[in-house]
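Student: let's see this in three dimensions:
(5 chains, ligands or ions: 4)
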Amino acid sequence: MSIFKRNATPLIFLLIALVVPFVTDNQYYLYILTLAFIWSIAVYGMNLISGYTGQLSLAHAGFFAIGAYALGLLTVDANVPYWFAFVLALVITTVAGLLIGLIALRTKTHYFAIYTLCVGYIIYLVIYQWDELTGGVRGLIGIEPPGAIGPITFDSAESNYYLVLVFLVLTIVFMKFIAESLVGRTFAAIRNSEELAQTIGINTMKQKLLSFVISAFFAGVAGALYASFVQFIGPEISYTMTMFDMLTYLIVGGIGTLYGPLVGTFLIVTLTQSLQFMEEFRMLIFGPILVLLVIFYPRGIVGGIQMWKAKRQYKKNQKLAKQASNASTYGGGD
Amino acid sequence: MLIETKDLTKAFGGLTAVDNVDVGIEKGKITAIIGPNGAGKSTLFNVISGFYPTTKGTVVFNGEDITKKRAFNVAKLGIARTFQTTNLFEQATVMDNVIVGHRLRTKSGVFDALLRTPRLKREERESREKAEEVLAFVGLTKESNRLVSDISQEAKKRAAFAVALATDPEVVFLDEPAAGINPDETDGLTNLMRKMVDHGLTVCLIEHKMQMIMEIADHIVVLNQGEKIAEGTPEEIQNNDTVIQAYLGGGEDAADAQ
Amino acid sequence: NGDGGESDVTEEAEGTPAPGAPGDEGGEEVEVDTEVAEGTEVVDIGFSGPLSGAGAYYGNNTLNGLTMAIEEINESGGFEVDGEMYSFNLVSLDDQYLPDETGANVRRLVQENDTPVIFVPHSGGTYATQVFNEQDEVLLASYSSEPEITQQDNDLTWRIPPTYDKYIEPFSEYQMERFGTDLAMLPPNSEFGMDWAEALAPAWEEMGGNVVHESSVDYAQDTDFYTLLTNALAEDPDVLFVGGSSEPTAQVMAQAREQGFEGGFLVMDQAKLDEIDNVLGGAPEVIEGSVGVPPLVDDVHEGNEQFISDYQDTFDADPGSEAGYHYYSVYILAEAMAAAGETEDAHAIRESLDEGLQQVDDDKHVYEVSEVDEDGGMVTELRMAVVEDGEVELVDFDD
Amino acid sequence: MDVLAQQLFNGLTIGSVYSLVALGLTLVYGILHVPNFAHGALYMVGGYATLMSMTLLGMPYFVAMLAAVLVVGGIGVLMERLVFNQLRDSPPIHDKIAAIGLLLFLETLIRVIWGADYRSMTTPFSENIVSLLGITVTSQRILIVVAAIIAMIVLQLFLKKTMVGASIIAMSQDREGAFLQGINANRVAMLTFFISGGLAAFAAAINAPINLVYPDMGHLVILKAFVIVIIGGMGSVPGAILGGYILGFSESLGATFISAEYSDIIAFVLLVIILTVKPQGLFAKGAH
Amino acid sequence: MLMLNDVSVRYGMYEALKDVSMNVDAGELVVLLGANGAGKSTIFRTISGLNKPAKGRIEWKGKSIAGAPASNLVKDGIGHCPEGRKLFPDMNVSENLKMGSYVIKRNKKEVAETMERVYTLFPILEEKQKASAGSLSGGQQQMLAIGRAMMSRPQLLLLDEPSIGLAPLIVEQVFDVIQEINRGGTTVLLAEQNANAALKIADRGYVIEDGNIVVEGDSEELFSNDEVRKAYIGA
Ligand SMILES: Nc1ncnc2c1ncn2[C@@H]1O[C@H](COP(=O)(O)OP(=O)(O)OP(=O)(O)O)[C@@H](O)[C@H]1O
Ligand SMILES: Nc1ncnc2c1ncn2[C@@H]1O[C@H](COP(=O)(O)OP(=O)(O)OP(=O)(O)O)[C@@H](O)[C@H]1O
Ligand SMILES: [Mg+2]
Ligand SMILES: [Mg+2]
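Tutor: Ligands and ions are numbered 1, 2, ... in the order given. A predicted model of the protein is given here:
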């Protein structure tokens, strides 16, 4: 009972998400929703390392692309059965994350951000230039849709939608479990102060690497889903602009919050669509909004709501405290 | 000796911050390290606790050479420390700060978190119990749910003690625990340190507050410009000419504060 | 489509810009670009191309061709299909050159406007659309000279421009004869450039030439081309293969001359000799000895005279081939619908494209397209432009 | 034609441009700790400002250059006032994001006003070809090298020899210490942004004639400038200059002797190697 | 000349100064005594404009200056030699001193004179003119910091624990210099833990504890006050 009560809002949204395909058969809405879900999975990955662990990684469009290309190449060129290819793609992304993380995490703060930005750019250039493997700028065509799992096939928009939704829910549950467990506390400790984390016996390098690898894994999941959903990929998915888009989703939604990635991605993706008619002018608004947001709502929409709730709670507590005004905070112990 | 350093040296570029220092820290005692600003006291802590790599020399803890061990490993062996400028997770509650302090004694990882294994549940419970225990020990039970950024300077010092104690240490290194708090509160902290020793812990602290040092230290080590210039009991140190010259102050001019 | 219960003919036009066809499920507003003729049924046609971001200039050119043709048709009272008069209404969406955005746009156009045909002016978007356009029964009118797009067994693809491979032999032959057999290649690192380079090198060698240097150039981003040119020219080539967008190409050509290159340029068809000349502010000594695709404005004939001058009046710029082909294709489309007797069924329209093509009035033949072949590719009679003694001359391929 | 000599000169040309851009970046980075991702957009706006002053307002080249320096410097000041100053105490990710917002805004603004097409800029120096010592160059290229070197010397003299310049350096070394000498922090911050923007505009104004003016022209340049700043040490003026030339030469020689396709990767690989070996950067000052 | 009236300062929720009132007259040498963290530096930082008071009034030469930016106050004649020295480590000694003369930079003659004076007071600085500030020993750095604060020709000099970390011999020297500066007409407000030495050269003093002024009086009074003796001077 209490589980439902505590998570009422998310569960209501989940319910809505579940019935959407029954309410509309608008393929376009389903397509947009599915895309938004896929991107939010990638943004959840980013949130783990950048939000919870405090290391701003700008290589995640690269991991997204590695996942996507691995799946594409394995299914198109190597004819590996879909789900086997899917797992392999994740293994490849995770290993790439591990190798890059091992080196990248030796750097700190700005250096880490720019290092990962450069790594992302190198991934882009390699995809772009290595056309024997990746098809270069032409991209990969004819990627398979997700293969059937037993009797369930994924050739309709609805089935794809549900498939991606399942992955998204799993991602969120994963993040929630991690964030609320001792592992999440460890990451938060590193974010707050790496120095202090070390003194209390946390192997910060190992933990950061763990966080980085998991986050790359999720970017890879999103990439693989994307490849089989759009069924065509080109190098632009790994470009810096994709990275900036993902970062925008994260910041707008709320970095370091559980629902920020979903809220931000969903909001911006749908907003971009509904403002289609503005074409070029969209960015004229988005740019300044982004700036205002980081100035006035540094923790994004979800963070803003949390702050507001916390303040209300605080005021309530203050009132209570006043009523039961007694001092004495500690007594030296005994 | 619980901890012994031999020829311990730490150089930053051309500057030798710690210069061939031999100190011994006796189990169950309070050892104080004093010396002028920049004498190398904090650096000595940083080297012993694995924060800085040693330039030369060895550190032995419980008979084991820990010179090359990194900070987190040193902590696992049972050496805890606090920082000169209080270093806590400001945006978390006191309780959360202390709970994570016990992390090094727990084993559950990502898979435990996902599967919600019994081990995770047990360890979460243990961490919380440990946190409650040490918060009670340092006298912060009432503050446990407040944000660190909202509590007083003195409470922060206690919270820092609590975090250190939550790691289940054998010895705690305290860097200027009484800096920035008033004399009354200083007495409180002094009592707390005594209590730690009574519970079987070994304490090693850096302080400039001489009154306090002279009162509680069993053994004092004096550093000056990276070198150990004296050690001994408080009485010996107070009457040591070299120390008076370098730190306590000679002549009537420098009869020193506190 | 079908069971949505809605036809693509959604309304009687009132002669005003249609405000997002009523009857759209979401009532979502979609931009409508063109005015429709009074008293006609309206056929929505879709467009998804880069209208913002780096590709916006190109995207808008393609769009200009479309809108111009549509406005002409609508102003002249529409076109007749099966005894009824119809107007076109263009619904354009921006995809910033991103394939997944094209996918979203195409679905949206199908869903909300039930468009029977959608123009997509890039191959990435084309590939992404080919995944589902048969299922959604929408004709994909692709402006991409990539031969592969018509080799996907996709029954609803219509390739508008000629494939580039047609140019390679005549260009090579001409340059080899005029300047010599050593070719240095500096193709742009775009999709198009790779395709060209991959086809050109073997063809050139087969004809007895040598490829003395090859390296791709990022015409869009490189800060300076000198380095690459120095290396290419170090091999003493007779002919230099260049060509991205016209402006950077012009820079590369001018800089090659600066570094003392005196041979000929084999210019890839993305760059236009007229634009190059414009960029350089009229520099005959630079483009002397170039061979390239004839600029539309230099290839004036009965079929495009009117178009060119109207275009210049409307947009205050010379039309490029992307505008010309799109313009032409709208007329082909209208005739194809007439021939099919059908404005909704994408398959029927696709089947009738060739027939429609033959019906287009002579004064709308911007290019000399002979047929729409079985795979849906348009077959264009090509000529090449060469610069001799400072003058651009058009040469038929057979000459 | 002597390929090596020519390539060395090419490296010098491109290195000069890189250095100027990196200089502006390193100033705001080192002094105000703002990793200004929008710096490339300033470079781009500088190109447009010069070009438009010439074509629309009919200014002569050098006047247009000056106008561009003032305009873009002014935009830099506005950015500092309206955005980065507000973000001084926020977590380090935020100013990066804000900079990205500014970048998107400026780029779009230019596109909306002047379209996405390439434009070329002709100057009195564009067509004048000079051949010496087996290399061929236009006088514009000589102008780039000479002007860049002069600009760097002037900047260095300004920073080292004038009180105002010294106040910029002082602020980079100890912010509070600088306040206590009577240095007005706001003024210095604005000045720094002004110089930074002005340098970007200057770089664009001298480089655009050998390239083109278009909305994306700053993308790759800024990425490389970040690499240079890290290689040369954040906030280090000589480091940025040196780094710019190192990169310029490694690119021109790399394209010649290694691979032309991957010449753009050189910068990033260089950085990755350097940070892999020395995580604190090449010229890191002691640990903190 | 300087007057603080009920000044309170907060760091976040923490109130570091509580209704502090004090005044310094022209030409005086006033000492501020207090333990670590009592709030001495906070008072200084608030006077020189680095911190903004949450409440209260600060008057300097009859004008209210609470909340004015530090850069203006320097021009107005308040020099602050801060805790932690805050030197420019990569600049050399003479450059550091030059930065100190930022507000009088136009008056070349005055700058040269003042610098001469600093070099006379601290000959070691003249010797090390070209050495970078970061490479100096602690004591030399402290001298440089004092010298730099003098370079703006302040009417009021705030010295925050100038003897910190210095060997006793140097401490004596520093106190001599302070006395000399004061005799030269500069008003001095001095924070010290070394109460004994400070009171010897001071005219008056305040004792601050936990953000409150608890005792005030002239040097002899404080010197003979038992509690002060016990807390800050020792037996
Ligand atoms: N990370 C570092 N890099 C370079 N030099 C350092 C570093 N840490 C400390 N030092 C230098 O080493 C010397 C000793 O410093 P340390 O912090 O150990 O002094 P301390 O005895 O703790 O002084 P205090 O009583 O002021 O805390 C000082 O000169 C200091 O400047
Ligand atoms: N920036 C800050 N943020 C939060 N608290 C601060 C800050 N600066 C000082 N404090 C606190 O304010 C109180 C007064 O500090 P202040 O530095 O004024 O003391 P002080 O008398 O100068 O001590 P010291 O002898 O150590 O220099 C101390 O408790 C200190 O911890
Ligand atoms: Mg210390
Ligand atoms: Mg102080």
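
Student: every contact and neighbour count from this point should use C-alpha atoms.
Tutor: Noted.

Student: for stretch E:199-213, buried residues please.
Tutor: E:199, E:201-213 (16 or more other Cα atoms under 10 Å in any protein chain shown).

Student: close to chain B, is that stretch?
Tutor: Yes - contact of stretch E:199-213 with chain B (Cα under 8 Å from any Cα of the partner chain) involves E:209-210.

Student: name the element residue 159 belongs to?
Tutor: Since you didn't name a chain, this refers to chain A. For residue A:159, the host element (DSSP states H and E) is helix A:157-180.

Student: the intended chain is chain B.
Tutor: For residue B:159, the element it lies in under DSSP H and E is helix B:153-166.

Student: compute the inter-axis angle for the helix or strand following that helix and helix B:153-166.
Tutor: As assigned by DSSP H and E, the chain's next helix or strand after helix B:153-166 is strand B:171-175. For strand B:171-175 against helix B:153-166, the angle by axes from the mean of the first three to the mean of the last three Cα atoms, to 10 degrees is 150 degrees.

Student: so which elements touch strand B:171-175?
Tutor: With contacts taken as 3 or more Cα pairs under 8 Å, 6 or more residues apart in numbering or on different chains; DSSP states H and E, strand B:171-175 sits against helix B:41-48, strand B:79-81, strand B:202-206.

Student: can you pull the buried residues of it?
Tutor: Result for strand B:171-175 [16+ other Cα under 10 Å]: buried residues B:171-175.

Student: all helices for the stretch 1-150 of chain C, in order.
Tutor: C:56-75, C:99-108, C:123-130, C:133-136 (DSSP state H, counting those that start in this stretch).

Student: equivalent analysis for chain B, please.
Tutor: Using DSSP state H, the helices assigned to chain B run over residues B:41-48, B:71-77, B:94-101, B:110-115, B:118-138, B:153-166, B:183-198, B:210-216, B:234-238, B:241-243.

Student: can you tell me which of those is most buried?
Tutor: Of these, the one with the most neighbours on average (mean count of other Cα atoms under 10 Å in any protein chain shown) is helix B:94-101, at a mean of 27.

Student: is chain A within reach of that one?
Tutor: Yes - interface with chain A: helix B:94-101 contributes B:100-101 (Cα under 8 Å from any Cα).

Student: so for that helix, mean pLDDT?
Tutor: The average pLDDT within helix B:94-101 is 91.

Student: stretch A:142-155 too?
Tutor: Taken as a whole, stretch A:142-155 has an average pLDDT of 84.

Student: ok, now which ones touch the closest residue to residue A:106 other than its chain neighbours?
Tutor: Spatial nearest neighbour of residue A:106, excluding adjacent residues (Cα to Cα, 6 or more residues apart in numbering or on different chains): residue D:279 at 5.9 Å. The contact partners of residue D:279, taken as Cα atoms under 8 Å, 6 or more residues apart in numbering or on different chains, are A:106-108, A:111.

Student: and those, which is closest to ligand 1?
Tutor: Closest to ligand 1 out of these is residue A:108 (15.8 Å), distances taken as Cα to the nearest ligand atom.

Student: any idea how far that closest one is from residue A:222?
Tutor: Distance of residue A:108 to residue A:222, given as Cα to Cα, to the nearest Å: 27 Å.

Student: and residue B:19, by the same measure?
Tutor: Between residue B:19 and residue A:222 the computed distance is 55 Å (Cα to Cα).

Student: just the angle between the helix holding residue B:159 and helix B:94-101, please?
Tutor: Using the same axes, to 10 degrees: helix B:153-166 against helix B:94-101 is 30 degrees.

Student: one step back: who's more crowded, residue B:19 and residue A:222?
Tutor: residue A:222 (30 against 24; other Cα atoms under 10 Å in any protein chain shown).

Student: from residue D:177, how far out is residue B:87?
Tutor: For residue B:87, the distance to residue D:177 - Cα to Cα - is 24 Å.

Student: higher neighbour count, the two?
Tutor: Per other Cα under 10 Å, whichever of residue B:87 and residue D:177 has more neighbours is residue D:177, with 24 against 16.

Student: quick check: which element contains the more buried one?
Tutor: helix D:175-179.

Student: who are the packing partners of that helix?
Tutor: Short answer (3+ Cα pairs under 8 Å, 6+ apart): helix D:175-179 packs on helix D:163-173.

Student: which SSE is the one residue sitting closest to the centre of chain C in?
Tutor: By Cα atoms, centre = their mean, chain C has its centre lying nearest to residue C:322, at 3.5 Å. Using DSSP H and E, residue C:322 sits in helix C:321-340.

Student: how about stretch A:215-235, does it reach chain B?
Tutor: No - Stretch A:215-235 does not reach chain B (Cα under 8 Å from any Cα); its nearest approach is 12.6 Å.

Student: hmm, that stretch in reach of chain D?
Tutor: No - residues of stretch A:215-235 are not located near chain D by Cα under 8 Å from any Cα, the shortest gap being 15.3 Å.

Student: so the residue most central in space within chain E: helix, strand or coil?
Tutor: With distances taken as Cα atoms, centre = their mean, the residue of chain E nearest its centroid is residue E:159 (1.5 Å). Under DSSP: H, G, I helix; E, B strand; the rest coil, residue E:159 falls in the strand class.

Student: quick one: it and residue E:182 touch, right?
Tutor: No - the criterion here is Cα atoms under 8 Å, and residue E:159 misses it with residue E:182 at 11.8 Å.

Student: give me the common contacts of these two.
Tutor: residue E:188.

Student: just to revisit the earlier point, how far off centre is the helix holding residue B:159?
Tutor: Centre-to-centre, helix B:153-166 and its host chain are 11 Å apart (Cα atoms, centre = their mean, to the nearest Å).

Student: could you do stretch C:110-123 as well?
Tutor: Using Cα atoms, centre = their mean, the offset of stretch C:110-123 from its chain centre is 16 Å.

Student: any idea how far the residue of the stretch 51-200 of chain B found nearest chain D is from ligand 2?
Tutor: Chain D sits closest to residue B:52 of the stretch 51-200 of chain B, with a gap of 10.0 Å, by Cα to the nearest Cα. Plainly put, residue B:52 is 25 Å away from ligand 2 if you go by Cα to the nearest ligand atom, to the nearest Å.

Student: over to residue C:392?
Tutor: 75 Å.

Student: cool, residue D:47 as well?
Tutor: Per Cα to the nearest ligand atom, residue D:47 is found 44 Å from ligand 2.

Student: what about the chain, any weak spots by pLDDT?
Tutor: Picked chain A for this. A:1-5, A:324-334 (pLDDT under 70).

Student: wrong one, I was asking about chain D
Tutor: D:1, D:283-288.

Student: would you map the helices across it?
Tutor: Using DSSP H, helices in chain D cover D:3-32, D:39-55, D:61-79, D:92-114, D:139-161, D:163-173, D:175-179, D:185-207, D:219-232, D:237-257, D:265-277.

Student: turn those helices into a markdown table, columns for distance to ligand 1.
Tutor: Output for those, formatted as a markdown table (distance: least, Cα to the nearest ligand atom, whole Å):
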| stretch | distance to ligand 1 |
| --- | --- |
| helix D:3-32 | 19 |
| helix D:39-55 | 32 |
| helix D:61-79 | 35 |
| helix D:92-114 | 22 |
| helix D:139-161 | 26 |
| helix D:163-173 | 16 |
| helix D:175-179 | 17 |
| helix D:185-207 | 27 |
| helix D:219-232 | 21 |
| helix D:237-257 | 22 |
| helix D:265-277 | 20 |
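
Student: now stretch C:115-134 - C-alpha only, CSV.
Tutor: Extracted in CSV, the C-alpha atoms of stretch C:115-134 (Å, rounded to 0.1, in the frame of the first residue of the first chain):
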residue,chain,number,x,y,z
THR,C,115,-0.4,13.7,-47.7
PRO,C,116,0.0,11.3,-50.6
VAL,C,117,3.5,12.5,-51.4
ILE,C,118,6.3,13.9,-49.3
PHE,C,119,9.4,15.6,-50.6
VAL,C,120,12.6,14.8,-48.8
PRO,C,121,15.8,16.5,-50.1
HIS,C,122,18.5,14.4,-48.4
SER,C,123,19.5,10.8,-48.4
GLY,C,124,19.6,10.3,-44.7
GLY,C,125,16.0,11.4,-44.4
THR,C,126,15.2,9.3,-47.4
TYR,C,127,16.6,6.1,-45.8
ALA,C,128,14.8,6.8,-42.6
THR,C,129,11.6,7.3,-44.4
GLN,C,130,12.0,4.2,-46.6
VAL,C,131,11.7,2.1,-43.5
PHE,C,132,7.9,2.8,-43.3
ASN,C,133,6.7,4.7,-46.3
GLU,C,134,5.3,1.6,-48.0
